[in-house]
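Trainee: got a structure for you, letters missing:
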């Protein structure tokens, strides 16, 4: 193995080791459709998990009802816990299989409230959650569980529909298994605030332990049975916590819900509970409520998604990651995404540096790029960031994407995409890393930040196809490449199997008609676009296209746009589909700002303003 690839393999291994030893419990909340208000409850569930200081939480939101689910493929295996806040359209068969495999192999699950109504015809799902309701379930779904004469009974009579409830009511929850880690130390009984009291949930009811029940009086629309409220289920090696509590945000304020949810989630993920019983846990006669200040989910407003139309890219998901103070990646990448989606069929998700206090795009905010979990289902990452220091819960998605060996397009400042202080989990990705020399830029893209080769802001760049690259499909139709940004210095030769495609001719001024400099800056000319490969954690070979050109104004060059579009085709293995002149006309208006350092006062654009 070449030394460079050995370093990459060692580096990825070290990073993945760091994940295993330093990261908190990784949890994924799945939402997107539900007869209950998932947009209200998901942020609260996320907050409840995160406030324990045990969990790092991501959210996977499905397409809306009736839309295309073919690209909904969460990487369940990357998580310790999946929280189900979903009831809606069936998942694709491959996604269902991935979920079942995840649980069977030891993944933890929380079935939250109305997730018990999901997927009535999916046999394995019903085995995983134990019992469920609604969705035309009836006695054919299996028995219902209730507490009678000191024990849990698998009842079959009376037959009828599975799942109903009377009006919301306060009720007492009675612990039936005081020795289980989730309920250990709780009072024998405790009050819950007014909520739906689910009755006669039916299902396979296999490998179920009922932890707590509540009596559902007939005069309040109930079954006159002691109904299970908290349950655990084992499925293969997996642990499942099923809570019937928590209809809406108001009910999640009940400490009876929040404390048991937090404890149940920890148990499902780890098999143990380390959290103490909170001092404000309710008594047998009095409920306890906490104020919750979680803001409604704004995830749909924090990035944009362009659903691909017809074209060679149909079925491929491209995630474009922007975030840099100087070169207007936040303007260029949305237009690139629109072109890829509208002209070529790719589904494109565009992410931005967002000020969490305002929700506005703010490239000076170096520690927040929401939506990186989109990389879990991506076929290609296009990255155009500069000196980011992201929290571990976000950075992890980039690291795991690289570890997967999937293709990458790096644009200009992506050579110094990260500036992460020593001692942090992913410090080796930093542009100045000594442990993984040159970090992500050098090891994956082919170079880190060295210096400006052309005079910044004074000497623009003419792209010249490199000798021997004339027949490479990536440069097809790219005879006119120019940008006002200057050439970057790179060390020659480029590492590994790098192949220069375009050389950067330093011009004497800032116009495309200016003459080339006649000095050593053009002898030799620096590569400004090249291909290479890298190896993922399991030895997978990933394709890489890197260009050190790139800015909002650079993207006005038709040749540069075509170069990037062609590179996307090549990266995802569609090089035989690259046309003689790929269509790269702008979609809508494109009027980029000049490059230069962004000022916070200019943060007036929301991600949703880039909607197509």
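Mentor: Structure received. It should be emphasised that the depicted structure is a prediction, and the values quoted were computed from it without experimental measurement. Numbering: from 1, shown residues only.
Trainee: Kindly state the beta-bridge partners for residue 172.
Mentor: residue 191 (DSSP bridges).
Trainee: can I assume it is in contact with residue 214?
Mentor: Yes. Contact status for residue 172 versus residue 214: in contact at 6.6 Å, counting by CB atoms under 8 Å. Where C-beta positions appear, they are placed from N, C-alpha and C, glycine not excepted.
Trainee: Pull up the overlap in contacts between these two.
Mentor: Counting by CB atoms under 8 Å, 6 or more residues apart in numbering, the residues touching both residue 172 and residue 214 are residue 192.
Trainee: Between the two, which is the more surrounded one?
Mentor: More crowded of residue 172 and residue 214, by other CB atoms under 10 Å: residue 214, with 25 against 16.
Trainee: In terms of helices and strands, where is the more buried one?
Mentor: Using DSSP states H and E, residue 214 sits within strand 208-216.
Trainee: Just list what that strand packs against, helices and strands only.
Mentor: Helices and strands touching strand 208-216, by 3 or more CB pairs under 8 Å, 6 or more residues apart in numbering; DSSP states H and E, are strand 144-148, strand 169-175, strand 225-235.
Trainee: Now do the buried residues in the first one.
Mentor: Within strand 144-148, the residues that count as buried by 16 or more other CB atoms under 10 Å are 144-147.
Trainee: what do you get for the longest one?
Mentor: Along strand 225-235, the positions that meet the burial threshold by neighbour count (16+ other CB under 10 Å) are 225-233, 235.
Trainee: just the angle between the next helix or strand after it and strand 208-216, please?
Mentor: Moving toward the C-terminus from strand 225-235, the next helix or strand (DSSP H and E) is strand 238-243. Orientation check (axes from the mean of the first three to the mean of the last three CA atoms, to 10 degrees): strand 238-243 against strand 208-216 gives 0 degrees.
Trainee: This structure - how does it break down into domains?
Mentor: 12-270, 299-451+527-610 (automatic domain parsing).
Trainee: among those domains, which is nearest residue 289?
Mentor: Among the domains of the chain, the nearest to residue 289 by CB to CB is domain 12-270 (4.9 Å).
Trainee: And stretch 510-517, end to end?
Mentor: 12 Å (CA to CA, to the nearest Å).
Trainee: Stretch 182-192: which residues count as buried?
Mentor: Going by neighbour count (16+ other CB under 10 Å), the buried part of stretch 182-192 is 182-183, 186-187, 190-192.
Trainee: Any chance of TSV for the domains of the chain, columns mean pLDDT and distance to residue 458?
Mentor: Shown next, in TSV, are the domains of the chain (pLDDT from 0 to 100; distance: least, CB to CB, whole Å):
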stretch	mean pLDDT	distance to residue 458
domain 12-270	93	39
domain 299-451+527-610	94	13
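Trainee: coming back round to it: in a markdown table, list the buried residues of strand 144-148 along with distance to residue 112.
Mentor: Output for the buried residues of strand 144-148, formatted as a markdown table (distance: CB to CB, whole Å):
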| residue | distance to residue 112 |
| --- | --- |
| 144 | 20 |
| 145 | 18 |
| 146 | 21 |
| 147 | 22 |
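Trainee: Among the residues you listed, which one sits closest to residue 612?
Mentor: Of all those, residue 144 has the smallest distance to residue 612: 48.6 Å, by CB to CB.
Trainee: Nearest to residue 465, out of the domains of the chain?
Mentor: Residue 465 lies closest, by CB to CB, to one member of these: domain 299-451+527-610, at 9.4 Å.
Trainee: Apart from its neighbours in sequence, what residue is nearest the most centrally placed residue in the chain?
Mentor: Nearest residue to the geometric centre of the chain (CA atoms, centre = their mean): residue 373, 0.8 Å. Leaving aside its sequence neighbours, residue 373 sits nearest to residue 58 (CB to CB, 6 or more residues apart in numbering; 4.4 Å).
Trainee: Repeat that for residue 566.
Mentor: Closest residue to residue 566 apart from its sequence neighbours, by CB to CB, 6+ apart: residue 474 at 4.6 Å.
Trainee: any idea where the helices of this protein begin and end?
Mentor: Using DSSP state H, the helices assigned to the chain run over residues 3-22, 38-50, 93-104, 123-129, 255-270, 329-344, 392-403, 439-440, 558-571.
Trainee: for these, which one sits closest to residue 433?
Mentor: Closest approach to residue 433 among the helices of the chain is made by helix 439-440 (3.9 Å; CB to CB).
Trainee: tell me what that closest one is packed against?
Mentor: Using 3+ CB pairs under 8 Å, 6+ apart, helix 439-440 sits against no helix or strand.
Trainee: roughly how far apart are the residue nearest to residue 566 and residue 557?
Mentor: Residue 474 sits 15 Å away from residue 557, going by CB to CB, to the nearest Å.
Trainee: Mind checking which of those two has more residues around it?
Mentor: Here residue 474 and residue 557 are compared on neighbour count by other CB under 10 Å; more neighbours surround residue 474, at 26 against 21.
Trainee: right, and residue 604 touches residue 362 too?
Mentor: No. Counting by CB under 8 Å, residue 604 stays clear of residue 362, with 9.7 Å between them.
Trainee: who's more crowded, the two?
Mentor: More crowded of residue 604 and residue 362, by other CB under 10 Å: residue 362, with 24 against 10.
Trainee: show me where the stretch 401-550 of the chain has strands.
Mentor: 408-411, 461-465, 481-483, 499-506, 526-535, 541-547 (DSSP state E, counting those that start in this stretch).
Trainee: Skipping its backbone neighbours, what lies nearest residue 201 in space?
Mentor: Leaving aside its sequence neighbours, residue 201 sits nearest to residue 131 (CB to CB, 6+ apart; 3.9 Å).
Trainee: Please work out how many residues are found near that neighbour.
Mentor: With other CB under 10 Å as criterion, residue 131 counts 31.
Trainee: Tell me who's in contact with it.
Mentor: With contact set as CB under 8 Å, 6+ apart, residue 131 has these partners: 116, 142, 144-145, 162, 201-205, 208, 228, 231, 242.
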